[in-house]
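>>> okay, here's the prediction I keep looking at, along with the sequence it came from:
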Amino acid sequence: MNRLHKLYILVGLVLMSAACTQDLLDQVPTTQLSADLFWKTTADAVAAVNGVYEANRTTFDRDYYFDGAGEFVHTRGTSNNQGSFSPSALGSNGNFGFLWGDCYRTINRANYVLGNIGQLRATVTAPTDIALLDRLVAETRFLRALNYFRLIDLWGDVPYFTNKLNGNAEAYTLARAPRAAVKDSILADLNYAASVLPEVYTGDNLGRASKLAAWAFSGKVNLFWASWMKNEGNAAEAQKHFTAAAADFKKIVDKNIPLFRNGDPGPADNPNYWHLFQYFNEYDPEIIFSVQFGGPLLSQGEELSRDFGNRNTGFGQVWLAPTFRLANRYQLTSTGDFAPPLVLSRTTTLTNSATNPKSYEGRDYRMRATMVWDGQKMVQLSTDGLTVLPDSLPFKFGNRDGVTAINYDGAPAGYVFRKWVRQTGGINRSDGPQDIYLMRLPDVWLMYAEAVNEISGPTPELFTLLNRIRRRGNLPALNAAKFASQTEFFKAIEQERIIELVGEGQRFFDIRRWKKAEEIWPAPSGQVLYDTQGTRVRDEFVNADLRTYQRYYIFQIPPSEIEVNSKITQNVPWL
């Protein structure tokens, strides 16, 4: 449960407090947090910083939708009306263009807080107050860094500022700063945060940015920059940042933090991996950083069950659904290798048929924890999500009556998600308390393995880390001889990133930084997505031109920004 929600509400109470003054001619304006009423105590500073967390949550609260821009998850929002995967729409001002404004709202709020905390700090003398304010500065700089990182990842060169903008007039004077300069400022913020923040929190401070989170995101920024430089042919810059990324991640690796439930797979029919994505486990040490949600009945709930769930699990809408390509990536527990590819067929008795429940036997335990296929059952919840119904219901693609089979709404690919879907009552589909994880320990291990592999190839330490992740799926250890080369070991890293992080919004960003779109969807044929019965769902990059691929890698600057500020230029693929 979100530990910050009460303090988010406090910000709103401060805004309303001025309306209670006696002299109506001597009121401080109530449309903003005025220093005349606010910024008097450390409690004011805490409340304001929690307001930055609230804005940051808005930026990252739907990251999982980015999975629909990869090849393993079908998301309705990334297809046009003709059923084609529309990569150009991803970066336009439609699907994800709103993130530009979300990021800058968080940044402007962070800059406002930083400016005022500095003045408040000069007035306090108690060592505990000074330490608290220093920590709040570090948290705020951490949150600002995350938002600038998202901006340069999606848009490249972006306006950069560290003061609170005073109205549109000042905003309209800003030009785009070089991506490299913004990256250096991001790393400076994260390095400062890491030097001040504690490693862990307790009580009501659970969920705040920590030293571990600052190290992890510093490593991620370095790793992404190294990948971008490698793709641009700047080998020296790439190696420099791969080395820096490895050093950042190593600080966390050396802490020997355990995976959830010590990485044990749990029983095959109730894997531990599924429980990790339920709100009662959201503060496990494996979770390095997340965006916080408070619910129910606090107006701060998440919509995971609405987006991932089905009509029989609290009236979910199945906005995201797995595809047969994801099913094919789950390896066999007996050998650790891939099973024969699924045959897309309506014949349920055919060997390896995607509609034959036997085709999924003996797979990585994370498969059952993540997705539901023909014959699998789920616990039913009432329409309002408050009551667990007595009988579970099977999934049967082609039958969605909601009485004899799960009503999977309009999900076309032949599967539904189990990951992130609540199977306990008492919570509405759009009012959940589940934090959304932005950084988990396996992500850190895999990024560390990638950085070290780029520098020197696979090492015994890297095999150990990947095998720990694989163990939670009850998979055998990697064959060291098979994955001894840098190229083959990278394939093992990519495989684990696909399976371990699905539904968490990572694949899209991996494809972009590795520049793999043309490999996954080769011109001119692209790919065609089919459902489990062999029916065409959509075309993907079919007959796409060069500009279509280019637009996958960099987003369109919102045209509204260019209209009001002539100093903002458009990214070339969108001209």
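That came in fine, so what should we check first?
>>> residue boundaries of the helices in the stretch 251-400 of the chain?
Secondary structure of the stretch 251-400 of the chain (DSSP state H, counting those that start in this stretch): helices located at 272-276, 304-308, 324-328, 365-370.
>>> buried sites along the first one?
Think helix 272-276. Within helix 272-276, the residues scored as buried using 16 or more other Cβ atoms under 10 Å are 272-274, 276. Where you see a C-beta, it was placed from the backbone N, CA and C, and this is true even at glycine.
>>> ok, Q380 - contacts?
When contacts are counted by Cβ atoms under 8 Å, 6 or more residues apart in numbering, Q380 touches 312-313, 388-389, 391-393.
>>> farthest pair in these?
For these, the farthest-apart pair by Cβ to Cβ is T313 and D391; their separation is 13.1 Å.
>>> with neighbour numbers in mind, choose between the two.
For the pair T313 and D391, the greater number of neighbours falls to T313 (28 against 7), based on other Cβ atoms under 10 Å.
>>> quick check: bridge partners of the more buried one?
L381 (DSSP bridges).
>>> and it, how far from P258?
Taking Cβ to Cβ, to the nearest Å as the measure, T313 falls 30 Å from P258.
>>> pull the CA atoms of the helix or strand G219 falls within into CSV?
In the assignment (DSSP states H and E), G219 maps to helix 211-231. The C-alpha coordinates for helix 211-231 follow below in CSV (Å, rounded to 0.1, in the frame of the first residue of the first chain):
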residue,chain,number,x,y,z
LYS,A,211,20.8,5.0,-2.8
LEU,A,212,20.2,1.7,-4.6
ALA,A,213,17.7,3.3,-7.0
ALA,A,214,20.1,6.1,-7.8
TRP,A,215,22.9,3.6,-8.6
ALA,A,216,20.6,1.5,-10.7
PHE,A,217,19.3,4.4,-12.8
SER,A,218,22.7,5.9,-13.1
GLY,A,219,23.8,2.5,-14.5
LYS,A,220,20.8,2.4,-16.8
VAL,A,221,21.5,5.9,-18.2
ASN,A,222,25.1,4.9,-18.8
LEU,A,223,24.1,1.6,-20.4
PHE,A,224,21.6,3.2,-22.7
TRP,A,225,24.0,5.9,-23.7
ALA,A,226,26.6,3.3,-24.5
SER,A,227,24.1,1.4,-26.6
TRP,A,228,23.2,4.6,-28.5
MET,A,229,26.9,5.4,-29.1
LYS,A,230,27.6,1.9,-30.2
ASN,A,231,24.9,2.1,-32.8
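>>> could I get the buried residue list for it?
211-230.
>>> ok, now stretch 404-422?
405-409, 411-422.
>>> same question, stretch 236-253
237-238, 241-246, 248-253.
>>> re the thing from before, can you put the contacts of Q380 in CSV and add distance to V528 and pLDDT?
Listed next are the contacts of Q380 as CSV, based on distance: Cβ to Cβ, whole Å; pLDDT from 0 to 100:
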residue, distance to V528, pLDDT
N312, 30, 97
T313, 30, 97
V388, 39, 96
L389, 38, 96
D391, 37, 93
S392, 34, 96
L393, 31, 97
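>>> the helix or strand that contains A492: which residues count as buried?
A492 is located in helix 486-500, with elements delineated by DSSP H and E. For helix 486-500, the neighbour count (16+ other Cβ under 10 Å) marks 489-490, 492-500 as buried.
>>> ok, R366 to M378 distance?
Distance from R366 to M378, by Cβ to Cβ: 17 Å.
>>> what about these two, which has more around it?
Higher neighbour count among R366 and M378: R366, with 25 against 20, using other Cβ under 10 Å.
>>> how near is the more buried one to R418?
Between R366 and R418 the computed distance is 10 Å (Cβ to Cβ).
>>> same question, D264
19 Å.
>>> give me the number of residues near the closest residue to E488 other than its chain neighbours?
Spatial nearest neighbour of E488, excluding adjacent residues (Cβ to Cβ, 6 or more residues apart in numbering): K482 at 6.5 Å. Using other Cβ under 10 Å, K482 has 13 neighbouring residues.
>>> secondary structure element for K482?
Per DSSP H and E, there is no helix or strand for K482.
>>> quick check: what element follows the helix or strand of the chain with the lowest mean pLDDT along the chain?
Least confident helix or strand, the chain: helix 5-17 with a mean of 34, by mean pLDDT, DSSP states H and E. Counting by DSSP H and E, the next helix or strand C-terminal to helix 5-17 is helix 42-60.
>>> which strands and helices sit next to that following helix?
helix 5-17, helix 99-121, helix 127-155, strand 287-291 (3 or more Cβ pairs under 8 Å, 6 or more residues apart in numbering; DSSP states H and E).
>>> with mean neighbour count and distance to F66 added, can I get the ones you listed in CSV?
Output for the helices and strands packed on helix 42-60, formatted as CSV (neighbours: other Cβ atoms under 10 Å; distance: least, Cβ to Cβ, whole Å):
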stretch, mean neighbour count, distance to F66
helix 5-17, 16, 25
helix 99-121, 20, 10
helix 127-155, 21, 10
strand 287-291, 21, 14
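>>> correct me, but G398 touches T532?
No: G398 lies out of contact with T532 (Cβ atoms under 8 Å); the separation is 9.2 Å.
>>> these two: which is more packed in?
Taking other Cβ under 10 Å, G398 and T532 do not tie; T532 has more neighbours (25 against 14).
>>> confirm for me that that one is in contact with A354.
Yes: judged on Cβ under 8 Å, T532 makes contact with A354 at a distance of 3.7 Å.
>>> list residues touching both of the two?
With Cβ under 8 Å, 6+ apart as the test, T532 and A354 both reach 324, 342, 344, 373-374, 414.
>>> closest one of those residues to F555?
The closest of those, once distances to F555 are taken by Cβ to Cβ, is F324, at 29.1 Å.
>>> and the closest one, what pLDDT?
Per-residue pLDDT puts F324 at 98.
>>> could you count how many residues lie near it?
22.
>>> then R429?
Neighbours of R429 (other Cβ under 10 Å): 25.
>>> same check on A544?
As a burial measure, A544 scores 24 neighbours (other Cβ under 10 Å).
>>> that one and R513, how far apart?
The gap separating A544 from R513 is 20 Å, by Cβ to Cβ.
>>> now M378
35 Å.
>>> before we move on, what about F308?
In terms of Cβ to Cβ, F308 sits 25 Å off from R513.
>>> can you tell me the SS state at K183?
Classification of K183 by DSSP: H, G, I helix; E, B strand; the rest coil places it in helix.
>>> I appreciate the help and will end here.
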